[in-house]
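Peer 1: Kindly return the folded structure for what I paste below:
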Amino acid sequence: MKSYLLHTRPQSFPVTFFAAITGYALSPAKAHTATGIVTDLLLLLVIFSILLWGGTNAFNSGQDGDDGPLTLLPSPPKVPAYLSAFGIALMFAAIGLSFMVSTRLAMWTAVGVGLSIFYSWRNPFFKRGKDIAIVDMLINSVGFGFCSILFGYMMTPALVTSSVMLIGLAFTFAYQGGMPTSQIFQLDGRTVITQSYTTLLGVSGVLKAGAGFFILHILFLSILFTDIVFLKTHPIGMALWLTWLILVLLSAVHSWWWSRDPFTEPYKRMNRQMIMMMTSQVAWTALAWMYSSSLH
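Peer 2: You can find the predicted model right below:
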């Protein structure tokens with residue numbers, strides 16, 4: 001059972017959880033009482049992070065028979081016999097539990113399950129998404145960015161707006177900048193059998209492109225959040241905005257600097273990049289929560 005649980009990669013739960021909280025923070029219809037907020041966030045953690053993403057990770061490991069380093073799991077245990085089935089069971093449990101919130105959330109969860117199966121399933125009918133260069137990383141970055149934002153937002157009954165979708169796109173850019181770094185340490189000294197986003201662009205090229213995606217992230221969110229008066233009159237909000245901006249700029253610089261020597265301490269550098277990226281999102285999420293709450 002320990003091996004089954006480890007292959008859900010529990011270290012990813014906080015990352016995916018905070019990604020979805022961004023969407024929840026944006027909603028004008030989110031709970032306004034401590035009890036309501038805690039209940040919503042516990043459901044969000046269980047459905048999205050533990051069941052959907054945990055199941056996705058387990059299914060992926062079961063299909064790959066992973067015995068080498070994985071993202072957030074550099075030394076994975078031996079793959080159990082029924083790991084794929086375990087992953088599928090978790091994902092379908094996520095669909096079932098999401099009906100407690102709303103039908104549209106259950107439908108959105110089902111979309112996530114479909115993408116997960118397409119990404120990982122080894123089958124005789126079609127080439128899986130993981131083995132299609134560029135598509136492999138797009139599924140990851142869209143899943144963490146756009147899909148996570150909308151999932152958190154749909155925890156509430158608020159109408160999905162174009163602004164929310166564009167913010168989801170902006171965070172897709174951020175993850176497209178940072179997530180490919182998880183493939184670098186896996187390539188270090190290993191034989192490449194299938195092409196991926198990283199092998200297609202080259203490790204140095206991916207890191208340079210990542211710097212560009214971080215800048216796109218800044219441009220999009222700067223355009224989408226233009227209430228300068230709010231920032232001027234709320235010092236904490238201004239501090240959060242500056243924290244987000246500085247950390248994303250540092251992520252861009254770090255990515256470009258890393259491109260000069262990509263295989264030196266890649267796992268350590270990946271963690272540094274991920275920490276900066278996620279901390280910047282936490283700061284922006286706190287700002288979004290403050291701002292949406294001030295409109296009531």
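Peer 1: is it true that V113 touches A93?
Peer 2: No - V113 lies out of contact with A93 (Cβ atoms under 8 Å); the separation is 10.3 Å. Heads up, the C-betas are built off the backbone N, CA and C, glycines and all.
Peer 1: where do the contact lists of those two overlap?
Peer 2: When contacts are counted by Cβ atoms under 8 Å, 6 or more residues apart in numbering, the set common to V113 and A93 consists of G55.
Peer 1: Which one's more surrounded, these two?
Peer 2: Counted by other Cβ atoms under 10 Å, V113 and A93 do not tie: V113 has more neighbours, with 20 against 16.
Peer 1: where does the more buried one land on pLDDT?
Peer 2: Note on V113: pLDDT of 97.
Peer 1: Then P76?
Peer 2: Note on P76: pLDDT of 67.
Peer 1: can you pull the buried residues of stretch 261-271?
Peer 2: P262, P266, Y267, R269, M270 (16 or more other Cβ atoms under 10 Å).
Peer 1: can these go into CSV with extra columns for secondary structure and distance to Q11?
Peer 2: Below are the buried residues of stretch 261-271 laid out as CSV (DSSP: H, G, I helix; E, B strand; the rest coil; distance: Cβ to Cβ, whole Å):
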residue, secondary structure, distance to Q11
P262, coil, 23
P266, helix, 17
Y267, helix, 13
R269, helix, 17
M270, helix, 12
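Peer 1: low-scoring stretches of the stretch 151-296 of the chain, by residue?
Peer 2: 183, 185-195, 296 (pLDDT under 70).
Peer 1: what are the ranges of the helices in it?
Peer 2: Assigned by DSSP state H, counting those that start in this stretch, the helices in the stretch 151-296 of the chain fall at 162-178, 184-187, 197-201, 203-224, 228-233, 235-258, 266-294.
Peer 1: From the contact counts, what lies against the last one?
Peer 2: Under the contact definition 3 or more Cβ pairs under 8 Å, 6 or more residues apart in numbering; DSSP states H and E, helix 266-294 sits against helix 12-26, helix 162-178, helix 184-187, helix 235-258.
Peer 1: For my notes, please list the ones you listed in JSON lines and give mean neighbour count and distance to S141 for each entry.
Peer 2: Putting the helices and strands packed on helix 266-294 into JSON lines (neighbours: other Cβ atoms under 10 Å; distance: least, Cβ to Cβ, whole Å) gives the following:
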{"stretch": "helix 12-26", "mean neighbour count": "22", "distance to S141": "11"}
{"stretch": "helix 162-178", "mean neighbour count": "21", "distance to S141": "4"}
{"stretch": "helix 184-187", "mean neighbour count": "19", "distance to S141": "15"}
{"stretch": "helix 235-258", "mean neighbour count": "18", "distance to S141": "14"}
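Peer 1: Looking at those, which is nearest to S102?
Peer 2: helix 12-26 (13.5 Å; Cβ to Cβ).
Peer 1: pLDDT averaged over the closest one - what is it?
Peer 2: Helix 12-26 comes out at a mean pLDDT of 93.
Peer 1: Restricting to C-alpha, output the next helix or strand along the chain from that helix in PDB.
Peer 2: Using DSSP states H and E, the helix or strand that directly follows helix 12-26 along the chain is helix 34-44. Output of helix 34-44 as PDB, limited to C-alpha atoms (Å, rounded to 0.1, in the frame of the first residue of the first chain):
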ATOM      1  CA  ALA A  34     -14.700  30.500   7.900                       C
ATOM      2  CA  THR A  35     -16.700  27.300   7.900                       C
ATOM      3  CA  GLY A  36     -17.700  27.700   4.300                       C
ATOM      4  CA  ILE A  37     -14.200  28.500   3.100                       C
ATOM      5  CA  VAL A  38     -12.700  25.500   5.100                       C
ATOM      6  CA  THR A  39     -15.300  23.200   3.700                       C
ATOM      7  CA  ASP A  40     -14.800  24.300   0.100                       C
ATOM      8  CA  LEU A  41     -11.000  24.100   0.400                       C
ATOM      9  CA  LEU A  42     -11.100  20.600   2.000                       C
ATOM     10  CA  LEU A  43     -13.300  19.400  -0.900                       C
ATOM     11  CA  LEU A  44     -11.000  21.100  -3.400                       C
END
